[in-house]
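Engineer: Provided below are the primary sequence and the corresponding predicted coordinates.
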Protein chains: 2
Amino acid sequence: MKQQTELDISDLRINGERLWDSLMELAQIGATPKGGVCRLTLTDLDKQGRDLVLKWAAEAGMSITIDKIGNGFMRRAGRNNDLPPIVTGSHIDTQPTGGKFDGNYGVLAGLEVVRTLNDYQIETEAPIEVAFWTNEEGSRFVPVMMGSGVFAKAFTLEHAYAATDTEGKTVQGELERIGYIGEQEPGDHPIGAYFETHIEQGPVLEDNDKTIGVVQAVLGIRWFDCTVVGMEAHAGPTPMHLRKDAMQGAAEIMQEIVACALRHAPHGRGTVGMVQVYPNSRNVIPGTVKFSIDLRNHTDALVDQMADEVKAFAAEVGKRRGLEIKIDLVSSYPAQPFHTDCIGAVAKAAEKLGYSNMPAVSGAGHDAVYMARLAPSGMIFIPCKDGISHNEIEDAKPEHITAGCNVLLHAMLERAGIAV
Amino acid sequence: MKQQTELDISDLRINGERLWDSLMELAQIGATPKGGVCRLTLTDLDKQGRDLVLKWAAEAGMSITIDKIGNGFMRRAGRNNDLPPIVTGSHIDTQPTGGKFDGNYGVLAGLEVVRTLNDYQIETEAPIEVAFWTNEEGSRFVPVMMGSGVFAKAFTLEHAYAATDTEGKTVQGELERIGYIGEQEPGDHPIGAYFETHIEQGPVLEDNDKTIGVVQAVLGIRWFDCTVVGMEAHAGPTPMHLRKDAMQGAAEIMQEIVACALRHAPHGRGTVGMVQVYPNSRNVIPGTVKFSIDLRNHTDALVDQMADEVKAFAAEVGKRRGLEIKIDLVSSYPAQPFHTDCIGAVAKAAEKLGYSNMPAVSGAGHDAVYMARLAPSGMIFIPCKDGISHNEIEDAKPEHITAGCNVLLHAMLERAGIAV
């Protein structure tokens, strides 16, 4: 063991190889032939994953708490244990065709921070905790980000318990079955600050050749269903000027959705992912088209303005083309800015460590969104190959994995303080 | 019976009430609760319909021939039976949710012409025939317009015989079962001229408040499948400028298809009826979109030019957006102009009878398309309510039913000649 006194803290680095090896070992549980991981929440494989992580935590001398929704908290005591812990974490459940890094990296990076502090016998002022949150992915049970959502009281424990998978199994039953219903009331657990390290799941860092994304906010999301009703008619005998072609009205609105996102750059996003055409026959002019609208931006005011613009455009299209157009809100997720202090801690750590970095936004949801409602929070992004995630070919470079963890270490140390 | 000598031929009119009553009686066979007809080809109901029509023909003193594909020819002798007959006809099979008029009107209008000639004891120079063609609709067996297609040698009898329905039953087997395989070789049957009376199946006559459409041609059709391949990606983390959104490229091409049809007015038509999006998930940018393209115009040169323009546009979209775009021909139906003499006979009859009329084109296929390859042919359209057909609510006004049949009578008489 190196002596703390011999070390200038700014020279402190995590052990990248050890972190990588742990990631690869955890990825064996539920490994798929294509190199990905299928470890759905609350399955036997999820239990194996949780058990392994907790074993490592125990080996690192950490104490463990499980709450009633199965969230796990692994604690390294500080000098002043009356202070709320500085927490990092993410999730270890995966998508059915998931990768090795999504979520898992955030948990094991936290563990590596603790292992490094142990290596150098560094005592922090505030305690340090590493959390894994139950069912972030939402692919087996909805809602997504379930564990952190219950913790932050975004919805109730009962609501989460009652969720069923396609076989009718409940969250409560499956938590019991794998032995992960703890004693603690979710949320009954103070947090001094929260950091989450994650692969970007997008192409921006790679495109800009940057190592670290200093995440400023998670984009607000509005999901709508748009229904365009015209008049179905035979494609042959109906001349163009007598048509009420629902697909053509829909196509015009679809293009406005992108145009609107571009007008609200740099963070405006507009996507039509799902389209259904009725009767969907080659020689029938479509009578009805339903499609999804996904609008995002980094403030709620902006995303609401985007929605208003799309709605106004659609109303004009309906009037001009004689179509009946309805746009119904399906879901709304507020934008979540991160805390200036945490953003600053991440940026400062990246600079100090000499990593190229840039401000980033998260277009996807993360457990950090709910934590940000409870405590100052921040996120650290690293690039992933071609921006791909939720896919077995998801990949990240060892040097980026190491860099993100080093930034986490220094950001957490800044917030936790070092016991002199 | 009125005496032929007492009658000026130009005063001759069919019995609209009798025609309407026959239409309503035939529509009882396979009647649906919503007021339509479901009388699929070569079913027991089709047999009942055929039997009824042939019974009426026999009562009108006509001789009957059935050919090997089940086409029926009901003949009223002329004075000179060495002349090829002047033929009219259509089909009596319907769509699963068909109406009372589509096809059935063309057959029973022919029968009413004969009944009227009988009433007035008018002998024609050339014989008159009324035909019903097997399986025009193509909803149980493909290809569509099967009986007239075999007759015109567009495809072989063997090909038609081998066609199966969803239960695996063949055309040959079903023809045998209902007793409608005749002796005559299809096509071995001379035709002097061919007329077909039909509801328009489109909204143009109604929109122009005209009683008779003097059909000039059947539009040529080109069917394509267009496949647009981009890159699927998460709708949240992927900024607009780094997307390869297949749906947006598709939407642009879809709008060009309509723009192209409008550039090639008045008969250009462009329709996207079928759209499939992959993976069709709300928060995934579509990676692949497949859609159908239906292009029509009244000459093959024009419809081919439309296809070229759409392809060039799509190539430009692919290049600009970084998408891979493929446009594959699925089917091609040549445009079919009708014969000047027959068009003239229809126009002259409509004028003489004082019916408002206009030139028209047929956007849909009809048995007359194949007859036009064999003999001078023409079609008479009457309005149908809201242009709707292939639907149980298909409707036509008794006065239009009568008018179309009167035009048919006079056009046929002009071609057949009256024995003095």
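Structural biologist: Now that the structure is in, tell me what you want to look at.
Engineer: can you give me the buried ones in stretch A:311-323?
Structural biologist: Applying a neighbour-count criterion of 16 or more other Cβ atoms under 10 Å in any protein chain shown, one finds A:311, A:313-314, A:317-318, A:321, A:323 buried in stretch A:311-323. To be clear about C-beta, it is placed using only N, CA and C from the backbone, and glycine gets the same treatment.
Engineer: roughly how far is it from the heart of the chain?
Structural biologist: Chain-centre distance of stretch A:311-323: 36 Å, with Cα atoms, centre = their mean, to the nearest Å.
Engineer: do stretch A:248-267 as well
Structural biologist: Between the mean C-alpha location of stretch A:248-267 and the chain-wide mean there is a distance of 25 Å, by Cα atoms, centre = their mean.
Engineer: which ones are touching the residue nearest to residue A:81 when sequence neighbours are not counted?
Structural biologist: Leaving aside its chain neighbours, residue A:81 sits nearest to residue A:127 (5.6 Å; criterion: Cβ to Cβ, 6 or more residues apart in numbering or on different chains). The contact partners of residue A:127, by Cβ atoms under 8 Å, 6 or more residues apart in numbering or on different chains, come to A:75-78, A:81, A:83, A:85-86, A:416.
Engineer: out of the residues you listed, who's nearest chain B?
Structural biologist: Of all those, chain B sits closest to residue A:86, with 26.3 Å by Cβ to the nearest Cβ.
Engineer: what residues are up against the residue most central in space within chain A?
Structural biologist: Using Cα atoms, centre = their mean, the residue of chain A that lies closest to the mean C-alpha position is residue A:366, 2.7 Å off. Applying Cβ under 8 Å, 6+ apart, one finds that residue A:366 lies in contact with A:90, A:136, A:145, A:196, A:198, A:218, A:379.
Engineer: now do residue A:413
Structural biologist: Remark: with contacts taken as Cβ under 8 Å, 6+ apart, residue A:413 is in contact with A:9, A:12, A:122, A:124.
Engineer: and of those, the nearest to chain B?
Structural biologist: Taking Cβ to the nearest Cβ as the measure, chain B sits nearest to residue A:12 out of these, at 30.5 Å.
Engineer: give me the phi and psi for that closest one.
Structural biologist: Dihedral pair for residue A:12: phi -70, psi 130, per degrees, to the nearest 10.
Engineer: so it sits against residue A:121, correct?
Structural biologist: No. Here residue A:12 does not reach residue A:121: they are 11.7 Å apart, not a contact under Cβ atoms under 8 Å.
Engineer: so the two - more neighbours on which side?
Structural biologist: Remark: of residue A:12 and residue A:121, residue A:12 carries more neighbours, 20 against 12, as counted by other Cβ atoms under 10 Å in any protein chain shown.
Engineer: what about that one, distance to residue B:47?
Structural biologist: Applying Cβ to Cβ, to the nearest Å, one obtains 91 Å for the distance of residue A:12 from residue B:47.
Engineer: show the pLDDT at residue A:4.
Structural biologist: According to the per-residue confidence, residue A:4 scores 48 in pLDDT.
Engineer: also the one 3 residues further on?
Structural biologist: Reading off the confidence values, residue A:7 has pLDDT 74.
Engineer: pretty sure it contacts residue A:120?
Structural biologist: Yes. Between residue A:7 and residue A:120 there is a contact under Cβ under 8 Å: 5.8 Å.
Engineer: in the stretch 101-250 of chain A, where is pLDDT below threshold?
Structural biologist: The stretch 101-250 of chain A contains no residues with pLDDT under 70.
Engineer: neighbours around the residue lying closest to residue A:232 once chain neighbours are set aside, how many?
Structural biologist: With Cβ to Cβ, 6+ apart as the measure, residue A:287 is the residue that lies nearest to residue A:232, at 3.0 Å, once sequence neighbours are left out. With neighbours defined by other Cβ under 10 Å, the count for residue A:287 comes to 18.
Engineer: hang on, residue A:287 packs against residue A:278?
Structural biologist: Yes. The criterion here is Cβ under 8 Å, and residue A:287 meets it with residue A:278 at 5.9 Å.
Engineer: shared neighbours, those two?
Structural biologist: Applying Cβ under 8 Å, 6+ apart, one finds that residue A:287 and residue A:278 are jointly contacted by residue A:232.
Engineer: against chain B, how distant is the residue of chain A positioned farthest from its centre?
Structural biologist: Ranking residues of chain A by C-alpha distance from their mean position (Cα atoms, centre = their mean) puts residue A:237 at the top, at 51.2 Å. In this structure, residue A:237 lies at 3 Å from chain B, with Cβ to the nearest Cβ, to the nearest Å as the measure.
Engineer: pretty sure that residue is in a helix, no?
Structural biologist: No. Counting by DSSP: H, G, I helix; E, B strand; the rest coil, residue A:237 is not found in a helix; it is coil.
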